[in-house]
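S.K.: Sequence first, then the predicted structure, then my questions.
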Amino acid sequence: MSSKATAVAERRRTLRVLIADTFPDDVRRIRELLGERGELLVTLARTPAEAGQLLAGGAFDVVLVGDSVWNDQEAPIARHLREHRDITVILLAGDDPREPHPALKLGVHDVVNKSRLGDADQLSARVLAAYDESRSLRRRDTMVRWLEREARTDHLTGLYNRRVFDERLRDICDAARRSNAATTLIIADLADTRTVNESHGHEVGDDMIRRAAQGVARCVRGTDFAARIAGDDFGIILEGADLELGKLVARRIAQELERLNANEWCHLIPVTLTFGVATGRHCEPAELFAAAEQAMTNNKTNRPVVTMLWPRIDSDGPSVA
């Protein structure tokens, strides 16, 4: 189905139209013109305040608003229309500017000059065309946001992916150097995924990764940043946190995984993570990452557990545990 046919199909229902202007004669004239079309259900607002109440209490597809109302920054209807971009807005202009109207950059979908309203067919066609255009723009914006989110998300776990992790770690380390603040990085490695993949199949291995991510997501704070940075590795950035807090977060994740393994996941292959924690103030992202990764390697045993070591004294690089 073509885009035009889709738009027509979408507006087979009656469109709800609100007219809000401070000039009663103009309002009545527009009402008379639009009232001749059965696909438009028109409501009049006698004052800007009434228009704001109608918008807040009911659903409208299209609003024809006078420029005197739109330009009133304190009017509830003006604030509502600027904040809710799901409504098609047509500005009723008192003048006839030669250049594109500035309101078109602020959320207005069309500008109709009141002195050139024309006949009923012309005005209703403008209303329907503006509605179709706004629907297309909203679909496009939704698709763009979806694509942006897809590009930043790891599809298996729902966490951020490695590209976003690298960007965030770089930005946080840069900010930490300027403010002399600490940045703590936790690297977590999921145990035995290769063995599980070979013995039980990749679907079971993927399930382990998803469950590990669930345990991580449950324990990080709202200000922290968690990502899946490799096949079975996770990275957690704690901005402004010291080594002790990093160890505390890692310990909390390990305890949550133990609880889930014993209760919710008792019939499944247990999930175990090995952690490496590193903290730095003036280090480069790669240096901090390498320190956390080395700490994780040092903490690995035949049965990985959280092993916290005393922080290494090193004034030129990150402290690790």
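M.R.: That came in fine, so what should we check first? Treat the numbers as computed from the prediction; the structure is a model and nothing was measured.
S.K.: contacts, neighbours, all on C-alpha from now
M.R.: Fine.
S.K.: Do you know the pLDDT at the residue lying farthest from the centre of the chain?
M.R.: Relative to the centre of the chain, the most outlying C-alpha is that of D25, 44.2 Å out, by Cα atoms, centre = their mean. On pLDDT, D25 comes in at 83.
S.K.: separation between it and R46?
M.R.: 11 Å (Cα to Cα, to the nearest Å).
S.K.: How about E239?
M.R.: Taking Cα to Cα as the measure, E239 falls 53 Å from R46.
S.K.: Comparing the two, which residue is more hemmed in?
M.R.: Each of E239 and R46 has its neighbours counted (other Cα atoms under 10 Å); E239 has more, 19 against 15.
S.K.: Tell me the bridge partners for that one.
M.R.: E239 has these beta-bridge partners by DSSP bridges: T183.
S.K.: isn't it right next to D171, touching?
M.R.: No: here E239 lies out of contact with D171, judged by Cα atoms under 8 Å, at a distance of 10.4 Å.
S.K.: next helix or strand past the helix or strand containing L81?
M.R.: Using DSSP states H and E, L81 sits in helix 76-83. For helix 76-83, the following helix or strand on the C-terminal side (DSSP H and E) is strand 88-93.
S.K.: Can you name every helix or strand that the next helix or strand after that next one contacts?
M.R.: Next helix or strand after strand 88-93 toward the C-terminus (DSSP H and E): strand 110-113. Counting contacts by 3 or more Cα pairs under 8 Å, 6 or more residues apart in numbering; DSSP states H and E, strand 110-113 packs against strand 88-93.
S.K.: CA atoms of the strand it packs on as CSV?
M.R.: C-alpha atoms of strand 88-93 as CSV (Å, rounded to 0.1, in the frame of the first residue of the first chain):
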residue,chain,number,x,y,z
THR,A,88,-1.5,18.4,14.4
VAL,A,89,-1.3,22.2,14.8
ILE,A,90,-2.4,24.6,12.2
LEU,A,91,-1.7,28.3,12.9
LEU,A,92,-4.3,30.9,11.9
ALA,A,93,-2.2,33.8,10.9
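S.K.: Run through who's touching it.
M.R.: Applying Cα atoms under 8 Å, 6 or more residues apart in numbering, the contact partners of strand 88-93 are 61-67, 70, 81, 103, 107-114, 127, 130-131, 134.
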